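Peer 1: Mind folding the following:
(chains A and B)
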Protein chains: 2
Amino acid sequence: MAVTSLFDPSGIAVVGASATPGKIGYEAMRNAVEFDGPVYPVNPSAEGSVFDREFVPSVTDIEDDDVDLALLCVPAPVVPDVVAECGEAGIGGAVIFAGGFAEAGEEGERLQERLVEAATEGDVHLLGPNTSGFLRPAENLYATFATDVDRIPAGNVAVIAQSGGLAYAVAFHAENEGLGVSAMVGLGNRANVGFEEAIEHFDSDEHTDAILLHVEGTDDARGLLETCRAAETPIVAYNVGEQDVGDFAESHTGALTGRYELYEAGFAQYGVPTVRSVAELLDAGTALATCPRPDGPNVGVVTAQAGPGIAITDRLKAAGAKFPTLADETRETVEEILPGMTYSANPVDTGRPMPAFGDVVAAVARDENVDVVVVYELYEGAIGYPVDALEGLVAEVDKPIVFATGGPDAVIRDELADLEALGIPTYRTPERGADAVAALVQYALRNAEPEAIADDGDAVADEGVSR
Amino acid sequence: MAVTSLFDPSGIAVVGASATPGKIGYEAMRNAVEFDGPVYPVNPSAEGSVFDREFVPSVTDIEDDDVDLALLCVPAPVVPDVVAECGEAGIGGAVIFAGGFAEAGEEGERLQERLVEAATEGDVHLLGPNTSGFLRPAENLYATFATDVDRIPAGNVAVIAQSGGLAYAVAFHAENEGLGVSAMVGLGNRANVGFEEAIEHFDSDEHTDAILLHVEGTDDARGLLETCRAAETPIVAYNVGEQDVGDFAESHTGALTGRYELYEAGFAQYGVPTVRSVAELLDAGTALATCPRPDGPNVGVVTAQAGPGIAITDRLKAAGAKFPTLADETRETVEEILPGMTYSANPVDTGRPMPAFGDVVAAVARDENVDVVVVYELYEGAIGYPVDALEGLVAEVDKPIVFATGGPDAVIRDELADLEALGIPTYRTPERGADAVAALVQYALRNAEPEAIADDGDAVADEGVSR
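Peer 2: Take a look at the predicted model:
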């Protein structure tokens, strides 16, 4: 199912647009007008204009073929009729903010059925209902009523979340970290656009280098997992719902939480690393988007301070990473640089930062036994980060190099940007670096031998999960 | 053992002080001169002055009774003799930066024995060897060679870490988060000052409201744990070493990693919450330092967005939190504020932020079944955070209230500071808020009935761990 009208529209109609600040129809309009294409406020009972655009009474009155996305800021009961009108008007995408559908008992379920019928009839792709919408900052496309969304920068990871609230949590966390998103999508009830359609769309988006999923448990596990396997873009998933939180989750997106183990096993089998928090989701996604794909789980650790190095190694070992013996040549090189140093096996501990620290990192990165390199170095002003020594290294070795550090924010911010410009993702605590590497290791382990993933004996398929 | 000379000196001697930038003896001197008391550079082979202070040949030549702390920037082999001179000079505290002692094989062990003998003889309290020192920002006391340390602000948590590198990782993470520390101590080899002495000292420090431990495994588990139990100040521990990382850890501080389970069980029994990363250590410490002590594990959840609320609840349930049914009165109040809302049990989901959100939080906080309140609310510009509604609430209910949120950094920074001024710690992702609450819940569970913690059947004591 093509969802281009929905996610890549040429023009926008805001249905239920309002001139009253604070109302959803006003906030959605305020966001929509940042878009470069035409934007029409639609409201049968409004007169005059809002944000310099004249109100039109109905989407069927818009004589502009460019309009192919409608943002529905209207109460649930009228949504099916408005979607039918969208179909008549040739509008192929609609975002439905209202709740009160499948997540809200039997009456809501019937309303959602009517909605899907109208959408099928009119060939309208629906985001929601019960969503806070989506964003594509690089296009100035803010299909949402949330405020301050234009502060979220453009980036190279697409967030596709079952919950709109969680999607914003990830996107604003990215902004707080000085990062951005290529897209942020809150799926909500997934009436006829779900994970599969969204993943397929952003898999082929040139601005998207990794896809970040938030999953609360859906009833189309098999379809989601097969879509993940088929995607070219690396995907990482935050699977919520280990514990039974009962009615609360059920009342949310109409989905039962409780398929946690099934999804964990499924993601493992279908090549998707999993994480356990919003912060880890972004950190892992950044590593997957930035680094070359790792060939295996063999990690070379280089640290200038033993304590953080132990913390990193401890955490990575628990995540399934392997720590290969370094090749003789590497050990010789390291011992030449660090005569008599404390520990020149793997991890390599340089004792403290020193000018040749980058050369040690390069030697380990060039080791044929090593698939991924993780570095820890507290900032020391007299030495700085090894930006010069690491220039060109990622391309040369074609391996992920991940850099974790600590230091005063104002001092390290720019220097870390220099490292990131070399294709080296940077993290501000030892464990954030370790967790990013853990995602790379999971990715390698889960994608190393695709032919070994047989269709029979498929845990998810055997559960009889319908698509 | 009183360690006042070490951690609360009146004057400082920097032994091995140097006028050559980049040398440890220069960097330590540069940091030391920020202290308000007298600071003397000591070096028998140097002439003239450094940072406007005249070199003196030996600590025994300093005719200033205020000098009671020496920073030893000298190679390992001469350290015992210098410590002996410190004893002669009446200097009661010494920080030993050099490595090459117990962590470095038999010869190093013998050197450390000589060092301890000299210290015992001269009544000198040693930090280290093999440490990067300590800081007390409020006193402008930077007993370290690390750079940029004066950027770490004064705060109300004391970091006591087995590893100096890990201590800096925590302190700079605090700085990055806009927070500070009352003290930061890297213990290193713990020749005669260890966890017990450091905890006891900062337990009675008026600027310290929580103590953050980093433990890699020591051979004095029983003493550490009993000191934790005796402390008035809440303590949280980051216990590293779940996995066997072998020689690497052993070569670090001369201690065997591998007592992980023992410590986990011990901390549980002795009332200390445990965490699993530098970031969690700071977040938990901030909550313990800021909030009233929780009476029990019963958490009331109030969320403006279901997805993050589910993530928080899921994580807290895994951590042992309970979610009590709200009292009838509370439910009535919430239903009055939120007629027909989606879920007015616990968690309370308001569907989206609205002006009365703070009143919902207050109603749940006043519920007698609730021991701790956790709130999640994405920022919405039109409404802002419920600062007015929450004013005075923490004191009124005498319970922890923890606030998690997401929003654009520049917009929410000041408003979050307003919430923090009300005694409400704030966190920028759902899971950070959940983990902070998990530490409070652990604290409540582990300290609820001190009389129930019997001395017999003590898992740690039964291990026969020597003090």
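
Peer 1: What ranges does the stretch 51-200 of chain A have for its helices?
Peer 2: A:79-88, A:105-122, A:164-176, A:195-203 (DSSP state H, counting those that start in this stretch).

Peer 1: tell me the mean pLDDT for the last one?
Peer 2: The predicted model gives helix A:195-203 an average pLDDT of 97.

Peer 1: most distant residue from the middle of chain A?
Peer 2: residue A:340 (44.6 Å; Cα atoms, centre = their mean).

Peer 1: where does it land on pLDDT?
Peer 2: For residue A:340, the predicted pLDDT is 70.

Peer 1: and the gap between it and residue B:104?
Peer 2: Separation of residue A:340 from residue B:104 (Cβ to Cβ, to the nearest Å): 10 Å. (Glycine included, C-beta is placed from N, CA and C.)

Peer 1: One more: residue A:419?
Peer 2: 32 Å.

Peer 1: Map the structural domains onto the sequence of chain A.
Peer 2: Here the domain parsing of chain A from automatic domain parsing is A:1-131, A:152-294, A:296-447.

Peer 1: Check which element follows the helix or strand containing residue A:281 along the chain.
Peer 2: For residue A:281, the host element (DSSP states H and E) is helix A:278-290. Under the assignment DSSP H and E, the closest C-terminal helix or strand after helix A:278-290 is strand A:299-303.

Peer 1: average model confidence for the helix or strand that that next one is followed by?
Peer 2: Following strand A:299-303 in sequence order, the next helix or strand is helix A:306-318 (DSSP H and E). Helix A:306-318 carries an average pLDDT of 95.

Peer 1: what does the stretch 351-467 of chain A put close to chain B?
Peer 2: A:351, A:378-382, A:406-411, A:428-432 (Cβ under 8 Å from any Cβ of the partner chain).

Peer 1: picking up where we left off before, three-state assignment of the residue farthest from the centre of chain A?
Peer 2: Of the three states, residue A:340 takes coil under DSSP: H, G, I helix; E, B strand; the rest coil.

Peer 1: still on that earlier bit, only C-alpha atoms, please: export the helix holding residue A:281 in PDB.
Peer 2: Output of helix A:278-290 as PDB, limited to C-alpha atoms (Å, rounded to 0.1, in the frame of the first residue of the first chain):
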ATOM      1  CA  VAL A 278      14.100   6.000  25.000                       C
ATOM      2  CA  ALA A 279      17.700   7.100  25.500                       C
ATOM      3  CA  GLU A 280      19.100   3.700  24.500                       C
ATOM      4  CA  LEU A 281      16.800   3.700  21.400                       C
ATOM      5  CA  LEU A 282      18.300   7.000  20.300                       C
ATOM      6  CA  ASP A 283      21.900   6.000  21.200                       C
ATOM      7  CA  ALA A 284      21.600   2.600  19.400                       C
ATOM      8  CA  GLY A 285      19.900   4.300  16.400                       C
ATOM      9  CA  THR A 286      22.600   6.900  16.100                       C
ATOM     10  CA  ALA A 287      25.300   4.200  16.100                       C
ATOM     11  CA  LEU A 288      23.500   2.100  13.500                       C
ATOM     12  CA  ALA A 289      22.900   5.200  11.300                       C
ATOM     13  CA  THR A 290      26.500   6.500  11.600                       C
END
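
Peer 1: pretty sure residue A:319 contacts residue A:441?
Peer 2: Yes. In this structure residue A:319 lies within contact range of residue A:441 using Cβ atoms under 8 Å: 6.2 Å.

Peer 1: Compare these two and say which is more crowded by neighbours.
Peer 2: Ranked by neighbour count (other Cβ atoms under 10 Å in any protein chain shown), residue A:319 and residue A:441 place residue A:441 first, with 26 against 19.

Peer 1: Just to be sure, the more buried one is in a strand?
Peer 2: No. Looking at residue A:441 with three-state DSSP, it is helix, so not inside a strand.

Peer 1: Return the distance of the residue positioned nearest the centre of chain A relative to residue B:318.
Peer 2: Geometric centre of chain A, nearest residue: residue A:212, 2.3 Å, by Cα atoms, centre = their mean. Plainly put, residue A:212 is 22 Å away from residue B:318 if you go by Cβ to Cβ.

Peer 1: cool, and residue A:149?
Peer 2: Residue A:149 is 32 Å from residue B:318, by Cβ to Cβ.

Peer 1: So between those two, which is more surrounded?
Peer 2: Neighbour totals were compared for residue A:149 and residue B:318, and residue A:149 leads with 24 against 13 (other Cβ under 10 Å).

Peer 1: Relative to residue A:143, how far out is the more buried one?
Peer 2: As for residue A:149, its distance to residue A:143 is 10 Å (criterion: Cβ to Cβ).

Peer 1: what do these two both touch?
Peer 2: The contact sets of residue A:149 and residue A:143 overlap at A:31, A:135 (Cβ atoms under 8 Å, 6 or more residues apart in numbering or on different chains).

Peer 1: Go ahead and confirm residue A:121 touches residue A:86.
Peer 2: No. With contact defined as Cβ under 8 Å, residue A:121 does not reach residue A:86; the gap is 10.7 Å.

Peer 1: Give me the more crowded residue out of the two.
Peer 2: Neighbour count, other Cβ under 10 Å: between residue A:121 and residue A:86, residue A:86 has more, with 30 against 12.

Peer 1: ok, the more buried one - contacts?
Peer 2: A:13, A:59, A:70, A:94, A:122, A:124.

Peer 1: which of the residues you listed tops the neighbour count?
Peer 2: In terms of neighbour count, residue A:94 stands highest of the contacts of residue A:86 at 34 neighbours, by other Cβ under 10 Å.

Peer 1: Distance check, the residue lying closest to it once chain neighbours are set aside against residue A:122.
Peer 2: Leaving out its chain neighbours, the residue that sits closest to residue A:94 by Cβ to Cβ, 6 or more residues apart in numbering or on different chains is residue A:70, at 4.6 Å. Computed with Cβ to Cβ, the distance linking residue A:70 and residue A:122 is 11 Å.

Peer 1: With that, I have no additional questions.
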